[in-house]
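1. coordinates only, sequence not included:
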């Protein structure tokens, strides 16, 4: 009885990694409900007001605005994360993300709303990702990063199975207002597990001098190019591929269904990739690096040849194949990144600098595409640059 009363007086504290599992699942459902459709949401405003060229330009400029803000705000927002801690940073990011969803639910689509959403997103991204990545580096076990990363990816896949399918139905039935409203509720729920995370001892160390020193360090060059390349590749996968599929199939419901089914097909691959990576890394001898190299070249090739496909069956097949191959690159990449973060003197500073370089890739890439809007080869250029971005991440294997 005495033990029971004593236990009640103590706060329940869980590992940050474990809390992120549930947070990631719920937040992923909300994000996947909207994220897969958001590029088309932005594109359609421009298309309806000025055709294909304006639609692409509005999407490109919204991407550049968001990531340009991230580049400018990473350091001051990193200082904020240092002051309030990882736990409250993730909670604050959930509030900001909920605001993002509410704005989309309440206000009709307009250029002003698209700009506002880009600004809100630009503020939210550093606050969430600096805290999340730092927790995973600090709490994570290097010998089992494959299992931890793959489990997070597995939760992403589970959320992405349900989210796009339900989101496509909501948009088809009641429009974007209901979609954003449901996503807001789920986003609020996702913050609850973080309430039980303990406080972390955080080293600041964020400064322009520190960034310049890290950026000029040739020994870290493989990280610089990998982060930049990942930003380019992720921009293609998150924005231009969903838009390409939507334009081809002409249906939000079909876009959602294709995405949900391919994520479901890749779930087993995610589980296997984590176990394989840990096993090969434990063996030594460069076995995990060989797997990562093969996966990188495969993803780069698949990305480049995406414009060939126009039919629903072809698009589904390409997306399924890409999702099946992705874990054997993504799990390894993230494990290498968390390893690099773990050896840093300040995880917060390391991921702040990483976010700047990553976001530069997300910023420069779309602005470059402005030169090719209206070109017959626009989609070949998009996916060609995305393919190159994937190849730039090859150096990450040096963190094995």
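-> Nice, thanks for sending it over. Since this is a predicted model, take the numbers as computed values, not measurements. Numbering: from 1, shown residues only.
2. need the pLDDT of residue 307.
-> Note for residue 307: predicted pLDDT of 95.
3. check residue 141 too.
-> 58.
4. what of residue 25?
-> As predicted, residue 25 sits at a pLDDT of 75.
5. need the contact list for it.
-> Counting by Cβ atoms under 8 Å, 6 or more residues apart in numbering, residue 25 touches 155, 158, 159, 190. To be clear about C-beta, it is placed using only N, CA and C from the backbone, and glycine gets the same treatment.
6. tell me which element it is part of?
-> Element membership of residue 25, judged by DSSP states H and E, is helix 16-35.
7. only the buried residues of that helix, if you could.
-> In terms of neighbour count (16 or more other Cβ atoms under 10 Å), helix 16-35 has its buried residues at 16-17, 19-35.
8. check stretch 205-218 too.
-> So for stretch 205-218, counting by 16+ other Cβ under 10 Å, buried means 205, 206, 210, 211, 214.
9. and that stretch, end to end?
-> Start-to-end span of stretch 205-218 (Cα to Cα, to the nearest Å) is 20 Å.
10. quick one: average confidence on that stretch?
-> When pLDDT is averaged over stretch 205-218, the result is 93.
11. can you start the count at 112 instead of 1 from here on
-> New numbering, starting at 112: the last item is stretch 316-329.
12. tell me the gap between that stretch and the middle of its chain.
-> 24 Å (Cα atoms, centre = their mean, to the nearest Å).
13. what's the answer for stretch 155-168, then?
-> Stretch 155-168 sits 25 Å away from the centroid of its parent chain (Cα atoms, centre = their mean).
14. ends of that stretch, how far apart?
-> 11 Å.
15. give me the contacts around it.
-> 153-154, 169-170, 220-222, 225, 480-481, 484-485, 489.
16. same question for stretch 501-511.
-> Residues contacting stretch 501-511 (Cβ under 8 Å, 6+ apart): 332-334, 336-337, 339-341, 343-344, 392, 397, 399-400, 403-404, 407-408, 410-411, 414, 440, 443-444, 447-448, 450-451.
17. which of the residues you listed count as buried?
-> For these, a burial check counting by 16+ other Cβ under 10 Å picks out 333-334, 336-337, 339-341, 343-344, 392, 399-400, 403, 407, 410-411, 414, 440, 443-444, 447-448, 450-451.
18. quick one, grab the pLDDT at the closest residue to residue 180 other than its chain neighbours.
-> Spatial nearest neighbour of residue 180, excluding adjacent residues (Cβ to Cβ, 6 or more residues apart in numbering): residue 233 at 3.0 Å. Listed pLDDT for residue 233 reads 96.
19. list the contacts for residue 238?
-> The neighbourhood of residue 238, defined by Cβ under 8 Å, 6+ apart, consists of 188, 191, 192, 200, 203, 204, 207.
20. and the two most separated of the residues you listed?
-> Across those, no pair lies farther apart than 192 and 207, at 12.9 Å, counting by Cβ to Cβ.
21. so can I have CSV of the contacts of stretch 155-168 showing neighbour count, pLDDT and distance to residue 291?
-> Listed next are those as CSV, based on neighbours: other Cβ atoms under 10 Å; pLDDT from 0 to 100; distance: Cβ to Cβ, whole Å:
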residue, neighbour count, pLDDT, distance to residue 291
153, 26, 95, 14
154, 25, 96, 17
169, 21, 97, 19
170, 27, 97, 18
220, 17, 90, 11
221, 11, 95, 14
222, 14, 95, 17
225, 21, 96, 13
480, 22, 96, 27
481, 12, 95, 28
484, 16, 96, 28
485, 11, 92, 31
489, 17, 97, 29
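22. pick out the most distant pair among those.
-> Taking Cβ to Cβ as the measure, those have their most distant pair in 221 and 489, spaced 25.6 Å apart.
23. any idea how far residue 312 is from the most centrally placed residue in the chain?
-> The residue lying closest to the centre of the chain (Cα atoms, centre = their mean) is residue 345, at 7.3 Å. Residue 345 sits 31 Å away from residue 312 when distances are taken as Cβ to Cβ, to the nearest Å.
24. got it, and residue 168?
-> Distance of residue 168 to residue 312, computed by Cβ to Cβ: 46 Å.
25. so for those two, which residue has more residues nearby?
-> Between residue 168 and residue 312, residue 168 has the larger neighbour count (other Cβ atoms under 10 Å), namely 18 against 6.
26. for the helix or strand hosting residue 325, packing partners?
-> Taking DSSP H and E as the criterion, residue 325 maps to helix 319-326. With contacts taken as 3 or more Cβ pairs under 8 Å, 6 or more residues apart in numbering; DSSP states H and E, helix 319-326 sits against helix 458-480.
27. now the angle from the helix or strand just after the helix it packs on to helix 458-480?
-> Counting by DSSP H and E, the element after helix 458-480 in chain order, helix or strand, is helix 489-502. Computed by axes from the mean of the first three to the mean of the last three Cα atoms, to 10 degrees, the angle separating helix 489-502 from helix 458-480 equals 150 degrees.
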